[in-house]
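Engineer: how would this look folded up:
(2 chains)
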Amino acid sequence: MAHIRYRQQHFALAADETVLDCLTRNGVAVPSSCRSGACQTCLMRASTGTPPERAQRGLKDSQKAQNFFLACVCRPDTSLTVLLPDHPAETTPVTVRGLELLNDEVMRVVLECHSPIDYRPGQFIRLFFDRTLCRSYSIASVPARDRHLHLHVRRLARGRLSGWIHDQLRPGHTVEIAGPTGDCFYAPGRPEQGLLLIGTGSGLAPLYGIARDALQQGHTGPIRLFHGSRDRRGLYLVEELRDLAQESPQFEYTPCISGPQVPPGYAAGRPSDVALRDTPDPRSWRLFLCGHPDMVAATRRKAYLAGAAMKDIHADAFSIDSHTPEDPAA
Amino acid sequence: MTATKMSDWWDESHRSLYENLGGEPAVDAAVDIFYRKVLTDDRISGFFDDVDMERQAAKQKAFLTMAFGGPHRYTGLDMRQGHAHLVQRGLNDAHVDAVIENLAATLRELDVPADLIEQVAAIAESTRNDVLGR
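Structural biologist: As a prediction, this is how the structure comes out:
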């Protein structure tokens, strides 16, 4: 049975337990957020033992070589001695240059980076409320087209960061971000390949960036974007996307409504269903799935079973951290 | 046998099978076909309902690598521990039969000669008791 050694203590790992859960269970506070190996908040280092490869996905080669790993997905088969990194995440300051509601609940946040950062649209950054609390937001801007970094922040009930962003943040405020991270972006190569972009809620943020990035980089194949919500109020950037479709013949935009009221100009149904009905043979397509984790998992499965290659399915599941100490339901 | 001697023995007796099948590229081609068959086979798909697809695909690749006689780090104990929670949910011989059936069908689709398919099936079969915790 594997053990985790932290400072002077030894903890036995329960079957299939992650390092994060084990440490948390034993009263050790390890920062965490997405609990799915994506945001890297739970980064730790093993000073003895080798963490499994799965727990190093997304890290830089230099980090992997030093046995850094992500505690929330680390299920080691052998014992490890672990420590929190010497230096907390490197953050960089940005100044808020714009705050604009795109619909009732989604705010476009425009951030000016004090020093330029190298990002691909579709990656995400972590925005820090303070040293201990951060959340990940996907990047919707395109470096060649947008002067600053754009995020789409959806207000969540009881959301600590989204509440702060919607209610307290003002243009001129300076905040800290870390990143960018993530591999849900348009990589050049195979310009004639069809791209299928499917999103719910603020999952439009990375897709809006990826679609425009692909066009910017001279993608020649069809680019089909399906954005869905239960009703019309949950959609946004509808006119901008219709304009983009007018300008670029290879780009098609389909707003989808899964609820009962479907006005003309909108497709009825969930975006994943509409998309796969529209593209029943996704075998050679590249897919980008962003938004609700259930939609992402179900669509990945449907698309894969319909023939899409696993490596051509890129996903960004927006999980909600419900492990907040003040949350009585947690 | 010590662990090193066992893996030496394994490599020796199976190297030619793995090479004959086409090594890692063959495994990659087979995983896609095999995993799709498993996910759409009603007899066993239920066991894969709440797993992370990418993680599971990686496990399928590891399993196929072993079944093809390729290098792997599975031990009988790994197979036991890995499937114990499924045995509790009712995993039985019929399910193992279904998996081996899907494996053979995959190899036929890839035009693998019958004698090699038999060798792969035999390796898969050798894990039955560990998988079922017997």
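Engineer: nearest residue to A:Gly201 in space, please, no chain neighbours.
Structural biologist: Of all residues not flanking A:Gly201 in the chain, A:Gly291 sits nearest, at 5.2 Å (CB to CB, 6 or more residues apart in numbering or on different chains). All C-beta atoms are positioned from the backbone trio N, CA, C, and that covers glycine.
Engineer: centroid residue for chain B?
Structural biologist: By CA atoms, centre = their mean, chain B has its centre lying nearest to B:Phe63, at 3.7 Å.
Engineer: keeping just the C-alphas, turn the strand or helix carrying B:Ser7 into CSV.
Structural biologist: Using DSSP states H and E, B:Ser7 falls within helix B:3-21. Below are the C-alpha coordinates for helix B:3-21, written out as CSV (Å, rounded to 0.1, in the frame of the first residue of the first chain):
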residue,chain,number,x,y,z
ALA,B,3,10.4,-9.8,-11.1
THR,B,4,13.4,-9.3,-13.5
LYS,B,5,13.5,-12.9,-14.5
MET,B,6,9.8,-12.9,-15.2
SER,B,7,9.9,-9.9,-17.4
ASP,B,8,12.9,-11.3,-19.3
TRP,B,9,11.0,-14.5,-19.8
TRP,B,10,8.0,-12.5,-21.0
ASP,B,11,10.0,-10.4,-23.4
GLU,B,12,11.7,-13.5,-24.8
SER,B,13,8.7,-15.6,-25.4
HIS,B,14,6.5,-12.8,-26.8
ARG,B,15,8.8,-10.5,-28.6
SER,B,16,8.2,-12.1,-31.9
LEU,B,17,4.4,-12.0,-31.5
TYR,B,18,4.5,-8.3,-30.8
GLU,B,19,6.8,-7.7,-33.7
ASN,B,20,4.7,-9.9,-36.1
LEU,B,21,1.6,-8.0,-35.2
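Engineer: the very next helix or strand once past that helix packs against which elements?
Structural biologist: Per DSSP H and E, the first helix or strand lying C-terminal to helix B:3-21 is helix B:23-40. Packing contacts for helix B:23-40, counted by 3 or more CB pairs under 8 Å, 6 or more residues apart in numbering or on different chains; DSSP states H and E, involve helix A:293-305, helix B:53-67, helix B:93-109.
Engineer: and the next element down the chain from the first one?
Structural biologist: It stands for helix A:293-305. Per DSSP H and E, the first helix or strand lying C-terminal to helix A:293-305 is strand A:313-317.
Engineer: the residue nearest to A:Gly201 pairs with what?
Structural biologist: Beta bridges link A:Gly291 to A:Ala317, judged by DSSP bridges.
Engineer: could you check how far it is from A:Leu244?
Structural biologist: Separation of A:Gly291 from A:Leu244 (CB to CB, to the nearest Å): 19 Å.
Engineer: more neighbours, these two?
Structural biologist: More crowded of A:Gly291 and A:Leu244, by other CB atoms under 10 Å in any protein chain shown: A:Gly291, with 29 against 19.
Engineer: can you tell me if the helix or strand bottoming out on mean pLDDT in chain B touches chain A.
Structural biologist: Least confident helix or strand of chain B, by mean pLDDT, DSSP states H and E, is helix B:3-21 with a mean of 77. No: contact of helix B:3-21 with chain A (CB under 8 Å from any CB of the partner chain) is absent, the minimum separation being 13.5 Å.
Engineer: quick check: buried residues in that helix?
Structural biologist: Residues B:14, B:17-18, B:20-21 are the ones in helix B:3-21 that count as buried (16 or more other CB atoms under 10 Å in any protein chain shown).
Engineer: repeat that for stretch A:288-301.
Structural biologist: Quick answer for stretch A:288-301 (16+ other CB under 10 Å): A:288-292, A:295-297, A:299-300.
Engineer: with stretch A:126-139 instead?
Structural biologist: A:126-129, A:133-139.
Engineer: from these, which two are the most distant?
Structural biologist: Among those, the pair separated by the greatest distance (CB to CB) is A:Leu133 and A:Ile139, at 20.2 Å.
Engineer: who touches the residue nearest to B:Val96 when sequence neighbours are not counted in this structure?
Structural biologist: Nearest non-adjacent residue to B:Val96, counting by CB to CB, 6+ apart: B:Arg128, 5.2 Å away. Residues in contact with B:Arg128 (CB atoms under 8 Å, 6 or more residues apart in numbering or on different chains) are B:93, B:96, B:134.
Engineer: run a quick neighbour tally on the first one.
Structural biologist: So the one you mean is B:Asp93. By other CB under 10 Å, the residues close to B:Asp93 number 11.
Engineer: what's the burial count for the residue lying closest to it once chain neighbours are set aside?
Structural biologist: Sequence neighbours aside, B:Leu132 is the residue nearest to B:Asp93 in space, at 7.0 Å (criterion: CB to CB, 6+ apart). Residue neighbour count, defined by other CB under 10 Å, stands at 18 for B:Leu132.
Engineer: kindly report the same for B:Val87.
Structural biologist: A total of 15 residues lie near B:Val87 under the criterion other CB under 10 Å.
Engineer: that older thread, of the helices and strands packed on helix B:23-40, which shows the lowest average pLDDT?
Structural biologist: Least confidently modelled of those is helix B:53-67, at a mean of 88 by mean pLDDT.
Engineer: report the buried residues of it.
Structural biologist: Applying 16+ other CB under 10 Å to helix B:53-67 flags B:53, B:57, B:60-67 as buried.
Engineer: contacting residues for the residue of the stretch 101-250 of chain A found nearest chain B?
Structural biologist: The stretch 101-250 of chain A approaches chain B most closely through A:Asp183 (12.0 Å), counting by CB to the nearest CB. Counting by CB under 8 Å, 6+ apart, A:Asp183 touches A:58, A:123, A:314.
Engineer: I'd say the first one and A:Gly179 touch.
Structural biologist: Translated: A:Gly58. No: if you go by CB atoms under 8 Å, A:Gly58 and A:Gly179 don't touch, sitting 11.1 Å apart.
Engineer: surely A:Arg5 is in contact with A:Thr78?
Structural biologist: No: shown here, A:Arg5 and A:Thr78 do not form a contact pair, counting by CB under 8 Å, at 11.7 Å.
Engineer: looking at those two, which one has more neighbours?
Structural biologist: A:Arg5 (17 against 11).
Engineer: mind checking how far the nearest residue to the more buried one once chain neighbours are set aside is from chain B?
Structural biologist: Excluding its sequence neighbours, the residue lying closest to A:Arg5 (CB to CB, 6+ apart) is A:Thr81, at 4.2 Å. Distance, A:Thr81 to chain B, using CB to the nearest CB, to the nearest Å: 22 Å.
Engineer: run a quick neighbour tally on A:Thr81.
Structural biologist: Using other CB under 10 Å, A:Thr81 has 15 neighbouring residues.
Engineer: check the one 10 residues further on too.
Structural biologist: When neighbours are counted by other CB under 10 Å, A:Thr91 registers 17.
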